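Trainee: What would the 3D arrangement of this be:
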Amino acid sequence: MKKWVFMTLTAVCVLSLAACGKAGDTTGTAADDEEIVGGWDSADSPEITEEIRAIVEKAAADADGVTYTPVAYLKSQVVAGMNHTVLCKEEALNSDAQATYVILTIYEDLQGNAEITEILQSDANAETTDLDGGWAAPASPVVTDEAMDALTKASEDYRAVALLATQVVAGMNYALLCEDLNASANGQTAYAVVYVYADLQGGASITDTVSFVAESDAQ
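Mentor: The predicted structure follows:
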């Protein structure tokens, strides 16, 4: 009788431990997916710091026939060093061609060297002016509440990343760098310059969009 009781208690303990082990096993669950080492991190702010400005200048020092002026900081990735993604204004030297927006991916190694590893180009006009009626550059690329509200009213297909320019008309025009939510896929972010008109009655609509494409595809 005692032997039977002992064997029963032993079996219960084994089953209990197995159940506890299964309950505590998080292999393959969402808990393991929350932290992705080496993934891209969106910038907390699109503001261009002196550090980012210096990295862009260093990376673009040997650029052939063009200059790059950083406009908004987009994201970063920790590798053996750091990858940076920066929206810039591209201007051709010795040319009357209009400045356009490009997105640079820059690799900064552990020794502080920097190089451009990818360029996404666009035909979006990056020229701004202080003249009345023209497109004016904002004091900061941080998206204002008014611009965010206008984009939200106009479409749910885009997420605003940076404010590029404004234009006073019978209402207000906004030029915004946005993530194209429909075109982004498989962890790859698709960007576009989105132009939004906010009218005097509180309505808003998208008047134009300009996408970014890889330099090789733009040839």
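
Trainee: Got the confidence number for the residue nearest the centre of the chain?
Mentor: The chain has L74 as the residue nearest its centroid, 4.2 Å off, counting by C-alpha atoms, centre = their mean. For L74, the pLDDT comes out at 98.

Trainee: Please give me every residue in contact with it.
Mentor: If you count contacts by C-beta atoms under 8 Å, 6 or more residues apart in numbering, L74 has them with S42, A43, P46, T85, V86, L87, I103, V161, A162, Y191. For the C-beta atoms, the positions are set from N, CA and C on the backbone; glycine is no exception.

Trainee: looking at this structure, which helix or strand does the model trust least?
Mentor: Every helix and strand of the chain was ranked by mean pLDDT, DSSP states H and E. The lowest is helix 30-33, at a mean of 36.

Trainee: So which residues of this protein form helices?
Mentor: Using DSSP state H, the helices found in the chain span residues 2-24, 30-33, 50-59, 145-154, 215-218.

Trainee: what about the protein, any weak spots by pLDDT?
Mentor: Within the chain, the segments meeting pLDDT under 70 span 1-37, 216-219.

Trainee: re the thing from before, out of the contacts of L74, list just those in strands.
Mentor: With DSSP state E as the criterion, strands contain S42, T85, V86, L87, I103, V161, A162, Y191 from among those.

Trainee: Just send those residues back as JSON lines, with neighbour count too.
Mentor: Formatted as JSON lines, those follow (neighbours: other C-beta atoms under 10 Å):
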{"residue": "S42", "neighbour count": "14"}
{"residue": "T85", "neighbour count": "21"}
{"residue": "V86", "neighbour count": "26"}
{"residue": "L87", "neighbour count": "26"}
{"residue": "I103", "neighbour count": "21"}
{"residue": "V161", "neighbour count": "23"}
{"residue": "A162", "neighbour count": "25"}
{"residue": "Y191", "neighbour count": "24"}
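
Trainee: Which of these sits closest to I55?
Mentor: Set against I55, the nearest of the ones in strands among the contacts of L74 by C-beta to C-beta is V86 (8.1 Å).

Trainee: Give me the angle between the strand ranked longest in the chain and helix 50-59.
Mentor: Criterion DSSP E: the longest strand present in the chain is strand 66-79. Using axes from the mean of the first three to the mean of the last three C-alpha atoms, to 10 degrees, the inter-axis angle of strand 66-79 relative to helix 50-59 is 110 degrees.

Trainee: give the contact list for the spatially closest residue to V56 that is not a sequence neighbour.
Mentor: Excluding its sequence neighbours, the residue lying closest to V56 (C-beta to C-beta, 6 or more residues apart in numbering) is P70, at 4.7 Å. Counting by C-beta under 8 Å, 6+ apart, P70 makes contact with I48, I52, R53, V56, V86, L87, C88.

Trainee: What count of nearby residues applies to the nearest residue to the second one once chain neighbours are set aside?
Mentor: Spatial nearest neighbour of I52, chain neighbours left out: Y73 (5.3 Å); criterion: C-beta to C-beta, 6+ apart. For Y73, the neighbour count with other C-beta atoms under 10 Å is 26.

Trainee: If anything else comes up later, I'll come back, but that's it for now.
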